[in-house]
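*Asks:* just the structure for this:
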Amino acid sequence: MPEASIAPAPYWSSTCSTSGSGIRVRRVTSDWDSSAVTWDTVPTVTGSGEVVNTGAHGYSSSCPAAYSHWDIDAIVQAWADGAPNYGIQLRAVDETDSLTWRRYRSANYVSGDDAVEPHLTITYEDSELAGITDSANLTTPVISSGTVKDADGNVAAGADVVLYAWPDNESDDALEEGDSVKLQPVAKAVSDSSGGYVLRVASASSLTPEAAADGTVNLETVAYSGSHQALFNFPRTLVTSSSTTAYLAATTDSATATSIDTTPATADLVLDNAPTVTADSGSTEAVDEESTSTPTSVTDDPDSATASAADDAAAAESAASDTTDDTTADAGVTKGCSGSLKKKLGERWVIAGQTYSATTGVKHTFEYSRGADSSLGVGVSTSGAYGSFTGSGSVSKSSSITMDYPEYANHKGVYYKTEYSYGKYLMTCGMGGRGSTISQHYEVRARGYYGGAKTSTAYIPTAKHCAYQQKDTKFSRTTSHAITWSDGASLANVIGIDLSVETGYSSDAMVLYTFNASRYICGTGGAPGGAHPYNFVATTTRSGHTR
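*Replies:* Numbering: from 1, shown residues only. Next comes the predicted model:
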């Protein structure tokens, strides 16, 4: 329900006493003409939602002129529910009571000070958001946190931050061009004096409708402040540890509550101005999809990274309601986020895994099985034009089939690739403020798994954390995060940049080395059997391999 109050400014009353019957505000229920209305043609009113104020101002210096306030939430809610808006009536409860005489300044009063005009102030919120408990009032695990900043790097206090869930992967993959997409708000918060925000979901099990068959939920954090907006995407997995308890986990490889990683996704959200949307444009510039790629960043948790600022979010001013020229809104969210699949971008080759050998006597391969998850980068843009996209987090998609890749030997670095389908979405998010500002932006993101398999040559990275492997032994890794490849998904020919990819080692995405001679297996980030090995290189000596 909106919170609303009316505040005309009386400058004279018959007394300072508040013991009179007071002035009553009622909702007008029939049309009327301000230039023709008389005592005999007063429009009809309803007592539903009426409010009385007995305050008195302006009688003497001890009670000078001041505003009187009536909280008319129920009246404004009736308008919001569809009742015709013919305005409101101020009238004495008892017109024979001398203590209720008042004189008010109108909007026609010429003083050079707009502050003395009557004002109707409405604080409103999207009905879906109104039903969500503010994260500050929850004690559930933190799903996402970070800091909201403006374009100059200053902290932005008082910004609304909303966590949305995208439709489940199966529904997303089934969309056709022009089909609508509705994001479900699941958490909300307001940034504090330091710009910090913390998002909590009241019940993780409430996300079941948005979860894919494997429990994946793709989430998007959107920060709003006036006409400024920023966003960041990240996936989580819905894990049920009992019939009544559910968690959002940072990994999909957890079977029990004791092994669930509930590390929050952290992101600094940088607000930018919201210019007008330009027409959708594209490019057919060719890019060699077979070119080799090098890892540009290594991260323990791909979700725990500073988010790139979203490009300037587009804004389109909608006409203000002619119900009243004095209706205002707070800086809060007034609508949710929705959009449509603007264009299918087809199938794109994505790096699913990699193996490396800097020696002889070793065979190596990668297994990508049904259920394997990859975190695939999201590109965002204000205009949707070629070359205007930047990265903004990732979504998680799963393989629906098993891929058997070739086995390689000796000195060889290999990327193992498969295809995911991608789409270009036009998203619209309502924002607070006078005039109901609408912000639009484009997102390019993976829609679903497509299939296919091919390999390409990869540079062999530096690896110095080595463990001895005797002849006729095998090494495989099924747990831990891998390298995040900033250019692992081939989309540069349609949006100007390639997007990131990360596939963690799991029971469904596994590296396998077979040692036909005694050699060493080395981790690029740590010990091969440790928590953070990242990638693996077979070498001849314990000193490892250096590029």
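*Asks:* from here on, contacts and neighbour counts on C-alpha atoms
*Replies:* Will do.
*Asks:* where does pLDDT dip in the chain?
*Replies:* Low-confidence segments of the chain, defined by pLDDT under 70, span residues 1-12, 110-116, 123-127, 241-247, 250-261, 273-335, 431-438, 480-482, 505.
*Asks:* let me see the domain layout of it.
*Replies:* In the domain annotation for the chain, the residue ranges read 3-123, 127-539 (automatic domain parsing).
*Asks:* could I get these as CSV with mean neighbour count?
*Replies:* Below are the domains of the chain laid out as CSV (neighbours: other C-alpha atoms under 10 Å):
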stretch, mean neighbour count
domain 3-123, 16
domain 127-539, 20
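*Asks:* can you put those domains in TSV and add distance to R547?
*Replies:* What follows is these, written out as TSV (distance: least, C-alpha to C-alpha, whole Å):
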stretch	distance to R547
domain 3-123	61
domain 127-539	5
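*Asks:* out of the ones you listed, flag the one nearest T546.
*Replies:* Nearest to T546 among the domains of the chain is domain 127-539 (4.3 Å), distances taken as C-alpha to C-alpha.
*Asks:* report the distance from the closest one to the chain centre.
*Replies:* If you compare the mean C-alpha spot of domain 127-539 with that of the full chain, they lie 12 Å apart, counting by C-alpha atoms, centre = their mean, to the nearest Å.
*Asks:* wait, S400 sits on Y449?
*Replies:* Yes - the criterion here is C-alpha atoms under 8 Å, and S400 meets it with Y449 at 6.8 Å.
*Asks:* in the stretch 51-200 of the chain, which spans are helices?
*Replies:* Taking DSSP state H, counting those that start in this stretch, the helices of the stretch 51-200 of the chain run over residues 73-80, 127-130, 169-173.
*Asks:* wait, which of those helices is closest to G379?
*Replies:* Closest to G379 of those, according to C-alpha to C-alpha: helix 169-173, at 16.6 Å.
*Asks:* need the contact partners of that closest one.
*Replies:* Helix 169-173 has contacts (C-alpha atoms under 8 Å, 6 or more residues apart in numbering) with 211-212, 216, 397, 447-448.
*Asks:* among these, which are located in strands?
*Replies:* Members of the contacts of helix 169-173 lying in strands (criterion: DSSP state E): 216, 397, 447-448.
*Asks:* farthest-separated two in the residues you listed?
*Replies:* Comparing all pairs in the ones in strands among the contacts of helix 169-173 by C-alpha to C-alpha, the longest separation belongs to T216 and R447, at 13.2 Å.
*Asks:* now do the shared contacts for these two.
*Replies:* For the pair T216 and R447, residues contacting each of them under the criterion C-alpha under 8 Å, 6+ apart are 169, 397.
*Asks:* and stretch 131-139, end to end?
*Replies:* Taking C-alpha to C-alpha, to the nearest Å as the measure, stretch 131-139 stretches 17 Å from start to finish.
*Asks:* oh sorry, the question was meant for stretch 164-182
*Replies:* Distances were taken as C-alpha to C-alpha; on that basis the terminal residues of stretch 164-182 are 10 Å apart.
*Asks:* please apply the same query to stretch 478-496.
*Replies:* In terms of C-alpha to C-alpha, the two terminal residues of stretch 478-496 are separated by 34 Å.
*Asks:* and stretch 460-476, by the same measure?
*Replies:* Length of stretch 460-476, first residue to last, C-alpha to C-alpha: 18 Å.
*Asks:* what lies in contact with that stretch?
*Replies:* Residues outside stretch 460-476 that contact it (C-alpha under 8 Å, 6+ apart): 356-358, 412-413, 510-528, 536-537, 542-547.
*Asks:* now stretch 62-72: how far from the chain's centre is it?
*Replies:* Mean-position distance between stretch 62-72 and its chain equals 41 Å (C-alpha atoms, centre = their mean).
*Asks:* can you dump the C-alpha atoms of that stretch in CSV for me?
*Replies:* Taking only C-alpha atoms (Å, rounded to 0.1, in the frame of the first residue of the first chain), the coordinates of stretch 62-72 have been written out as CSV:
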residue,chain,number,x,y,z
SER,A,62,2.1,31.6,19.7
CYS,A,63,0.7,29.3,17.0
PRO,A,64,1.9,30.7,13.7
ALA,A,65,0.9,29.5,10.2
ALA,A,66,2.0,26.0,9.4
TYR,A,67,1.1,22.9,7.4
SER,A,68,-1.7,20.6,8.5
HIS,A,69,-1.2,16.9,7.5
TRP,A,70,-3.7,14.2,6.7
ASP,A,71,-2.4,10.6,6.1
ILE,A,72,-4.7,9.5,3.2
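*Asks:* one step back: now, which of the contacts of helix 169-173 sits nearest T390?
*Replies:* Of all the contacts of helix 169-173, the one with the least separation from T390 (C-alpha to C-alpha) is R447, at 18.2 Å.
*Asks:* give me the contacts around stretch 210-218.
*Replies:* Defining contact as C-alpha under 8 Å, 6+ apart, one finds that stretch 210-218 is touched by 165-170, 207-208, 233-239, 252, 371, 395-397.
*Asks:* if we go to 7 Å?
*Replies:* Contacting residues not belonging to stretch 210-218 are listed as 165-170, 234-239, 395-396 [C-alpha atoms under 7 Å, 6 or more residues apart in numbering].
*Asks:* turn these into CSV, columns for distance to D33.
*Replies:* CSV is the format used below for the contacts of stretch 210-218 (distance: C-alpha to C-alpha, whole Å):
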residue, distance to D33
A165, 48
W166, 49
P167, 49
D168, 53
N169, 55
E170, 56
F234, 55
P235, 57
R236, 58
T237, 60
L238, 59
V239, 62
V395, 57
S396, 59
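*Asks:* so which helix or strand takes in A36?
*Replies:* Secondary structure from DSSP states H and E places A36 outside every helix and strand.
*Asks:* does A492 really touch D498, like I thought?
*Replies:* Yes - contact status for A492 versus D498: in contact at 4.7 Å, counting by C-alpha atoms under 7 Å.
*Asks:* quick one, phi psi at the residue of the chain most remote from its centre?
*Replies:* In the chain, counting by C-alpha atoms, centre = their mean, T96 sits farthest out from the average C-alpha position, at 57.9 Å. In terms of degrees, to the nearest 10, the main-chain angles of T96 are phi -90, psi 0.
*Asks:* will you turn the helices of the stretch 51-200 of the chain into TSV that also has distance to A187?
*Replies:* As requested, the helices of the stretch 51-200 of the chain are arranged in TSV below (distance: least, C-alpha to C-alpha, whole Å):
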stretch	distance to A187
helix 73-80	24
helix 127-130	8
helix 169-173	20
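*Asks:* to S225, which of the ones you listed lies closest?
*Replies:* Judged by C-alpha to C-alpha, the one of those that comes nearest to S225 is helix 127-130, at 16.1 Å.
*Asks:* show me what that closest one is packed against.
*Replies:* For helix 127-130, not one helix or strand is in contact under the criterion 3 or more C-alpha pairs under 7 Å, 6 or more residues apart in numbering; DSSP states H and E.
*Asks:* what about the residue nearest to E117 when sequence neighbours are not counted, distance to H69?
*Replies:* In space, E117 comes closest to A107 once its chain neighbours are excluded; the distance is 5.1 Å by C-alpha to C-alpha, 6 or more residues apart in numbering. Using C-alpha to C-alpha, A107 is found at 16 Å from H69.
*Asks:* one more: G452?
*Replies:* In this structure, G452 lies at 67 Å from H69, with C-alpha to C-alpha as the measure.
*Asks:* now do V161
*Replies:* Counting by C-alpha to C-alpha, the gap between V161 and H69 amounts to 31 Å.
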